[in-house]
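Participant: Fold the following for me, if possible:
(one chain, ligands or ions: 1)
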Amino acid sequence: MSESLEDIANRMVVEGKGILAADESSGTIKKRFDSIGVESTEESRRNYREMLFRADDAMRNYISGVILYDETLRQSARDGTPLAELIAAAGAVPGIKVDAGAKPLALAPGEQITEGLDGLRERLKNYYGLGARFAKWRAVIAIGGDRPSWNCIQANAQALARYAALCQENGIVPIVEPEVLMDGPDSVHDIDRCYEVTEWTLNTVFDQLYDANVALEGMILKPNMVVPGQKSGTSASVEEVAAKTVRVLKSTVPPAVPGIAFLSGGQSDEEATAHLAAMNAMFDLPWKLTFSYGRALQAAALKAWGGKVENEKAGQSAFAHRARMNSLAALGSWKPEMEREAA
Ligand code: 13P
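Facilitator: Numbers count the residues shown, from 1 in each chain. Just a heads-up that it's a prediction; the model follows:
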């Protein structure tokens with residue numbers, strides 16, 4: 001019998017594990033590879049990702065699921081094993097990014113709408129056949145000037161809900177990702193503005209999910225944390241970020257949702273870990289709180305690898321280290337000293 005949506009969702013947020021977001025689109029992975037001077041080709045992308053998925057210690061102990069890009073879900077390792085099979089063999093759930101990216105929202109300067117609903121039902125059936133058991137759709141909400149508009153929040157929330165319903169219809173757990181960006185240009189984008197916009201966004205998303213008949217037990221939320229904008233000229237302590245993030249989530253996310261897996265969104269590796277650890281250590285929570293990091297799990301591994309076969313072991317241990325630190329954060333038992341001890 002096929003696994004229920006609820007069982008898959010619970011497996012994705014199982015105690016002490018989190019999700020590796022390795023679903024960079026061709027454009028984004030090129031930017032990452034440019035930063036280490038490596039040409040982005042089908043083969044270099046495969047080699048890099050195969051290195052991560054073969055990092056046995058990290059994958060078996062700390063990673064519950066991996067989000068893939070279309071190309072990767074169709075790729076095989078050097079020995080011919082499909083990459084999705086490597087992931088499943090390590091006990092993690094293979095997932096797939098299904099949105100077609102954020103495009104300019106018409107008549108709404110500076111705002112974006114995520115596309116990709118046309119033909120999604122057929123694509124989901126195909127992805128299921130290739131082994132994907134969860135999916136991801138990312139909406140972006142920018143803060144700045146008089147943005148975001150209700151138009152932008154509503155249109156993105158409705159698209160997220162239509163996507164989530166299509167996933168569940170096809171036996172796939174939707175990761176619902178409404179990201180309030182932290183890199184807006186606005187000086188008024190302090191932590192309280194982020195709180196306000198995150199609250200508005202999440203309330204609208206859960207309204208739309210209800211209207212679309214989405215079963216909350218069979219989905220995972222992937223939100224931003226409540227942080228000050230990078231260009232706001234303000235900062236916030238780890239405790240303040242943890243307290244405000246938990247407060248906004250408690251006031252908007254029903255306890256029927258099994259888990260919340262944060263994006264890192266441009267936070268440094270250690271900030272992303274420290275914030276997650278503080279939330280789990282300081283608060284009693286109705287859902288699992290874990291990570292679904294892209295950059296904050298991969299930046300060190302990417303650098304250590306540098307595109308060279310002889311550096312694969314070093315890349316794997318850099319990845320294993322970040323994965324272990326974030327696993328400890330998900331358990332609420334990470335301490336800054338642990339970073340030094342390991343190094
Ligand atoms: P970051 O953790 O790098 O923000 O990426 C997570 C992700 O999947 C964004 O869609």
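Participant: what residues are up against residue 120?
Facilitator: Residues near residue 120 by Cβ atoms under 8 Å, 6 or more residues apart in numbering: 98, 163, 166. C-beta here means a position set from N, CA and C on the backbone, and glycine is covered the same way.
Participant: List only those of those flagged as buried.
Facilitator: For those, a burial check counting by 16 or more other Cβ atoms under 10 Å picks out 98, 163, 166.
Participant: Just give me the neighbour total for residue 108.
Facilitator: Residues contacting residue 108 under the criterion other Cβ atoms under 10 Å number 15.
Participant: how would you label it: helix, strand or coil?
Facilitator: Three-state call for residue 108 (DSSP: H, G, I helix; E, B strand; the rest coil): coil.
Participant: What of residue 240?
Facilitator: Under three-state DSSP, residue 240 comes out as helix.
Participant: Check residue 246 too.
Facilitator: Residue 246 ends up helix, using three-state DSSP.
Participant: residues contacting it?
Facilitator: By Cβ under 8 Å, 6+ apart, the residues touching residue 246 are 279, 282-283, 285.
Participant: Which of the residues you listed ranks first by neighbour count?
Facilitator: Neighbour-wise, the contacts of residue 246 (other Cβ under 10 Å) top out at residue 279, 25 neighbours.
Participant: From residue 238, how far out is that residue?
Facilitator: 10 Å (Cβ to Cβ, to the nearest Å).
Participant: Narrow the buried ones among the contacts of residue 120 to those in helices?
Facilitator: With DSSP state H as the criterion, helices contain 163, 166 from among the buried ones among the contacts of residue 120.
Participant: okay if I get the buried ones among the contacts of residue 120 as JSON lines plus pLDDT?
Facilitator: Output for these, formatted as JSON lines (pLDDT from 0 to 100):
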{"residue": "98", "pLDDT": "98"}
{"residue": "163", "pLDDT": "99"}
{"residue": "166", "pLDDT": "99"}
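Participant: In terms of distance to residue 253, which of the buried ones among the contacts of residue 120 ranks first?
Facilitator: Using Cβ to Cβ, residue 163 comes nearest to residue 253 of the buried ones among the contacts of residue 120, at 17.9 Å.
Participant: Can you tell me the closest non-neighbouring residue to that closest one?
Facilitator: residue 137 (4.4 Å; Cβ to Cβ, 6 or more residues apart in numbering).
Participant: which strand residues sit across from the one you found in the sheet?
Facilitator: Judged by DSSP bridges, the bridge partners of residue 137 are residue 176.
Participant: correct me, but it touches residue 98?
Facilitator: Yes. Here residue 137 lies in contact with residue 98, judged by Cβ atoms under 8 Å, at a distance of 6.1 Å.
Participant: what do the two both touch?
Facilitator: 116, 163.
Participant: mind listing what the residue nearest to residue 163 touches?
Facilitator: Residue 137 touches 97-99, 114, 116, 159-160, 163-164, 174-177, counting by Cβ under 8 Å, 6+ apart.
Participant: any chance you could map the strands in the stretch 1-150 of the chain?
Facilitator: Here the stretch 1-150 of the chain has its strands, by DSSP state E, counting those that start in this stretch, at 18-21, 63-68, 93-97, 102-104, 112-114, 134-141.
Participant: what about this protein, any weak spots by pLDDT?
Facilitator: For the chain, the stretches with pLDDT under 70 are 1, 342-343.
Participant: Give me the nearest residue to whichever residue of the stretch 101-250 of the chain sits closest to the ligand, chain neighbours excluded.
Facilitator: Proximity to the ligand, evaluated over the stretch 101-250 of the chain using Cβ to the nearest ligand atom, is greatest for residue 138 at 4.2 Å. Using Cβ to Cβ, 6+ apart and skipping residues adjacent in sequence, the residue nearest residue 138 is residue 177, 4.3 Å away.
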